[in-house]
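In: sequence and predicted model, in that order:
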Amino acid sequence: MQKVMCQLVFYALCIALLVASCGTGSESANDPKVPVVAGLPDTVTFADIAPIMRANCMPCHREGQAGPFPLVSYNDLKRKAKTARKMVLGRWMPPWPADTAYSRFVGERALTARQIALFAKWVDQGGVLGDTSALPPLPVYPEGSLLGKPDAVVWLPDAFHIPGDNRDRFMIAKAPFVLTRDTFLRAVEFVPGNRRFVHHMNGAMVTYQPGGKKEPLQPSDYIDSDSTKSIDAYGELHLQNDDGSWPPLTPNLVNYLPGLSPPMYPPGIGGWRIGREGAFLMNSLHYGPSMRDTVDLSRFNLWFSATPPERPMRELAMGTLGDSPVVPELLIPPDTVMTFRSEFKLPKAISVLTINPHMHLLGKRFLAYAVTPANDTIHLIRINDWDFRWQYAYTFRHMLVLPKGAVIHVEAVMDNTAANRNNPYDPPRTARAPLTGHIRTTDEMLQFFVNYVDSRPGDETIALGR
Ligand code: HEC
């Protein structure tokens, strides 16, 4: 257990360092072309594009959300028309790196070629307002949760004061809880108190055995992972049992990125047992730079289940530090573009729920698919323009059955030239995978996580969306 915990801390550090070193991403790409689409109106008006914007931009670009400015009114959009056009044409906004022509997922937010062309034409014609009298009222967004009303809420015990020094921070913190009884957990949602500055969060759950820790609610500070650089962060959080041993930890139980709601699988599928006493552990709680002092008080929404996780979720971790090696060895000399692969043959049939590709700064493209013993190819995911800032986990619309003996193939292209705008070094330096849990900024990684349950007949008809 201690080993797992150390690795998680190092992992958090690595994410921290790597995100801290990032640039803004979209600058040097050639100006992308407007898709050619027939049948657009001669004059495109705000009334034509407002529904697209409300569905695809407003979830993040409105007061109190992650987007840096609102895109709600005509004036909002008019003011940002030029950059918005560029971001939309380049498919950087709305952020949805997965190629929807390859595979489809729950909660997709991606514009069609027609929507992109319509938007570009509106901007090019100078942003005509037109007749907006038939526009429906602005959408009303649920407060506090993307999933509805939670069964319980676990708050962080204290607010975090974000200093106005304009720098990124990567904190480790815990949100301890005492419930009325042991039960089962169906879904967990992390809700940032300050959506503008909370950029991402990766969380685990710690469970105390009855009597294991007399004071399960023992408070602790937020720990800056950059300044600690120590595996003792968990000690400083007072996570141990009273006898000094480490409590069991369920890793990767909850993740946050703007715009993505956590999966809530059908009852009995996935889910966890949750002890009466425990804590949510934030391995990396990333705060973006702020110019003025501000605060964040985040929380966790919990949904319980009366039934135990009848079909427990399992995880296949392919690639770096995982269950299948990267070939060739992940070592990229300066000024080269290389393709790496990893393969895993399934010893049994599985029903895939959610997948999560992971690379660092040098990643360019990512592809994963399975080939069955009957030689059919099953698409998993294709990312044509890797963006390390938007490392979503993707949930299939229906369970995706992969038969016994199928081989999962992962192919990734990494670019260690100066032309890669995200290259942390100029001139480029040799990049390689970490050999242990000690992950440094300069390391590259190629990982593919597959969350699945053991397959049963009829699984392909089970819908995973809400
Ligand atoms: C999932 C949340 C989300 C959605 C949906 C979203 N954005 Fe953004 N947008 C952001 C965040 C966060 C940033 C700032 C960070 C960044 O640049 O990546 C941003 C930045 C931008 C920028 C500034 C980019 C720059 O480099 O100056 C523009 C323009 C933009 N978004 C337009 C749009 C448009 C237009 C849509 C809808 C078609 C949209 N966004 C949808 C989250 C979102």
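Out: All right, it came through fine.
In: Q115 versus the most centrally placed residue in the chain, what's the distance?
Out: Central residue of the chain (C-alpha atoms, centre = their mean): Y392, 3.2 Å from the mean position. In this view, Y392 and Q115 are 20 Å apart by C-beta to C-beta, to the nearest Å. For every residue, glycine as well, the C-beta is placed using N, CA and C.
In: cool, L146 as well?
Out: 23 Å.
In: the more surrounded of the two?
Out: Q115 (20 against 17; other C-beta atoms under 10 Å).
In: ok, the more buried one touching M53?
Out: No - proximity of Q115 to M53 does not meet the contact threshold set by C-beta atoms under 8 Å, at 9.6 Å.
In: just the helices in the stretch 151-300 of the chain please.
Out: Applying DSSP state H, counting those that start in this stretch to the stretch 151-300 of the chain gives helices spanning 225-228, 233-236.
In: which of those helices has the highest mean neighbour count?
Out: Highest mean neighbour count of the helices of the stretch 151-300 of the chain: helix 233-236, a mean of 19 (counted as mean count of other C-beta atoms under 10 Å).
In: return the distance of it from the chain's centre.
Out: 25 Å (C-alpha atoms, centre = their mean, to the nearest Å).
In: 33 is where my numbering starts, stick with that
Out: Sure thing, new numbering starts at 33, so read that last one as helix 265-268.
In: now do that helix: which elements does it pack against?
Out: Where contact means 3 or more C-beta pairs under 8 Å, 6 or more residues apart in numbering; DSSP states H and E, helix 265-268 is packed against helix 34-52.
In: after the helix it packs on comes which helix or strand?
Out: Using DSSP states H and E, the helix or strand that follows helix 34-52 in sequence is helix 78-88.
In: list the buried residues in that next one.
Out: Neighbour-count burial for helix 78-88, with 16 or more other C-beta atoms under 10 Å as criterion, is recorded at F78, A79, D80, I81, A82, I84, M85, R86, N88.
In: return the distance of the spatially closest residue to the last one that is not a sequence neighbour relative to L271.
Out: Among residues not flanking N88 along the chain, P126 sits closest, at 4.7 Å (C-beta to C-beta, 6 or more residues apart in numbering). Remark: distance between P126 and L271 (C-beta to C-beta) = 37 Å.
In: got it, and P224?
Out: 22 Å.
In: now P189
Out: Using C-beta to C-beta, one gets 14 Å for the distance from P189 to L271.
In: between the two, which one's more packed in?
Out: The neighbour comparison of P189 against L271 (other C-beta under 10 Å) goes to L271, with 21 against 15.
In: excluding residues flanking it in the chain, which one is nearest the more buried one?
Out: L271's closest residue in space is V238 (C-beta to C-beta, 6+ apart), at 5.8 Å.
In: and the one you found, what is it in contact with?
Out: K206, L271, P279, P280, L281, G310, A311, F312, L313 (C-beta atoms under 8 Å, 6 or more residues apart in numbering).
In: tell me the spacing between the first one and V359.
Out: By that I understand K206. Taking C-beta to C-beta, one finds K206 at 39 Å from V359.
In: looking at these two, which one has more neighbours?
Out: Comparing K206 with V359 by other C-beta under 10 Å, the one with more neighbours is K206, at 25 against 11.
In: apart from its chain neighbours, what residue comes closest to the residue in the chain positioned nearest to the ligand?
Out: Using C-beta to the nearest ligand atom, G291 is the residue of the chain that sits closest to the ligand, at 2.4 Å. Nearest non-adjacent residue to G291, counting by C-beta to C-beta, 6+ apart: C92, 5.3 Å away.
In: run a quick neighbour tally on the one you found.
Out: C92, neighbours per other C-beta under 10 Å, totals 19.
In: I'd like the distance between it and V69.
Out: Remark: distance between C92 and V69 (C-beta to C-beta) = 25 Å.
In: my guess is L412 contacts A402. True?
Out: Yes - using C-beta under 8 Å, L412 makes contact with A402 at a distance of 6.5 Å.
In: mind listing what's buried along stretch 352-359?
Out: Applying 16+ other C-beta under 10 Å to stretch 352-359 flags T352, L353, G354, S356, P357, V358 as buried.
In: list the contacts for L378?
Out: For L378, the contact set (C-beta under 8 Å, 6+ apart) comprises A402, L434, P435, K436, G437, A438, V439, I440.
In: contacting residues for the closest residue in space to M233 that isn't next to it in sequence?
Out: Leaving aside its sequence neighbours, M233 sits nearest to Y288 (C-beta to C-beta, 6+ apart; 4.1 Å). Y288 makes contact with F222, P224, V230, H232, M233, N234, G235, according to C-beta under 8 Å, 6+ apart.
In: got the CA coordinates for stretch 150-164 in PDB?
Out: Output of stretch 150-164 as PDB, limited to C-alpha atoms (Å, rounded to 0.1, in the frame of the first residue of the first chain):
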ATOM      1  CA  LEU A 150     -21.700  28.600 -40.200                       C
ATOM      2  CA  PHE A 151     -19.800  30.200 -37.300                       C
ATOM      3  CA  ALA A 152     -16.900  31.200 -39.600                       C
ATOM      4  CA  LYS A 153     -19.300  32.800 -42.100                       C
ATOM      5  CA  TRP A 154     -21.000  34.700 -39.400                       C
ATOM      6  CA  VAL A 155     -17.700  36.200 -38.200                       C
ATOM      7  CA  ASP A 156     -16.500  36.800 -41.800                       C
ATOM      8  CA  GLN A 157     -19.700  38.800 -42.500                       C
ATOM      9  CA  GLY A 158     -19.000  41.100 -39.600                       C
ATOM     10  CA  GLY A 159     -21.300  39.500 -37.000                       C
ATOM     11  CA  VAL A 160     -24.800  40.300 -38.100                       C
ATOM     12  CA  LEU A 161     -27.400  40.500 -35.300                       C
ATOM     13  CA  GLY A 162     -30.500  39.700 -37.300                       C
ATOM     14  CA  ASP A 163     -33.900  38.900 -35.900                       C
ATOM     15  CA  THR A 164     -33.500  37.300 -32.500                       C
END
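In: so what pLDDT did S177 get?
Out: We have a pLDDT of 86 for S177.
In: shared neighbours, L412 and A402?
Out: Counting by C-beta under 8 Å, 6+ apart, the shared contacts of L412 and A402 are I440.
In: picking up where we left off before, quick check, nearest of the contacts of Y288 to S252?
Out: G235 (15.1 Å; C-beta to C-beta).
In: run a quick neighbour tally on the nearest residue to that closest one once chain neighbours are set aside.
Out: Among residues not flanking G235 along the chain, V286 sits closest, at 4.3 Å (C-beta to C-beta, 6+ apart). V286 is flanked by 22 other residues according to other C-beta under 10 Å.
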